[in-house]
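In: Here is the input, now give the coordinates:
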Amino acid sequence: MALVAASPALAQPGARVDDDAPFVELLRRQDPALAERYIALRDARIAATTQLQRAMERYSAGGPALRSVSLPELQQAKRRYGETSLAFLDFLDERDRGVLARLEADVERVKQAIEERARARPELERLRRGE
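Out: As a prediction, this is how the structure comes out:
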């Protein structure tokens, strides 16, 4: 089982959608519905990032006299960006916790196999010595 995190580039505003193609393909192989959910969250976050950038540009370009007019739009864009970013992070955290749980279960199975072999070893050593 491969532990693959989403592209770090997606954590940055302005990330390109194709930066995470290998991750999306992995999700599709594991669970197509999970991949679609990821894509929807990613796309919403990218749209919110674009909206925030535009609102910041309008706020800056308007000068002091027009800032009060563009401030509500900027505040809304910041809220939307925060909401979509948190939803995106929540998705990744949930998925990664599931991956960790599966890996921990795999580690436990390997530890049990090692312990079983360790318990069998003394008897096999006696048989080898002819006792």
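In: what ranges do the helices span in the protein?
Out: Ranges of helices in the chain, per DSSP state H, are 21-30, 32-61, 63-129.
In: Switch those helices over to TSV; also include mean neighbour count.
Out: Glycine gets a C-beta too; all of them are placed from N, C-alpha and C. Below are those laid out as TSV (neighbours: other C-beta atoms under 10 Å):
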stretch	mean neighbour count
helix 21-30	14
helix 32-61	16
helix 63-129	12
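In: Mean pLDDT added to these, as JSON lines?
Out: Shown next, in JSON lines, are the helices of the chain (pLDDT from 0 to 100):
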{"stretch": "helix 21-30", "mean pLDDT": "96"}
{"stretch": "helix 32-61", "mean pLDDT": "96"}
{"stretch": "helix 63-129", "mean pLDDT": "96"}
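In: check contacts around the closest residue to residue 44 other than its chain neighbours.
Out: Leaving aside its sequence neighbours, residue 44 sits nearest to residue 84 (C-beta to C-beta, 6 or more residues apart in numbering; 4.7 Å). Contacts for residue 84 (C-beta atoms under 8 Å, 6 or more residues apart in numbering) come out as 41, 44, 45, 47, 48.
In: Just want the most central residue of this protein.
Out: Using C-alpha atoms, centre = their mean, the residue of the chain that lies closest to the mean C-alpha position is residue 92, 2.8 Å off.
In: Look up how far residue 116 lies from residue 106.
Out: Distance, residue 106 to residue 116, using C-beta to C-beta, to the nearest Å: 16 Å.
In: for residue 80, same thing?
Out: 54 Å.
In: same question, residue 90
Out: 39 Å.
In: Then residue 100?
Out: Per C-beta to C-beta, residue 100 is found 25 Å from residue 116.
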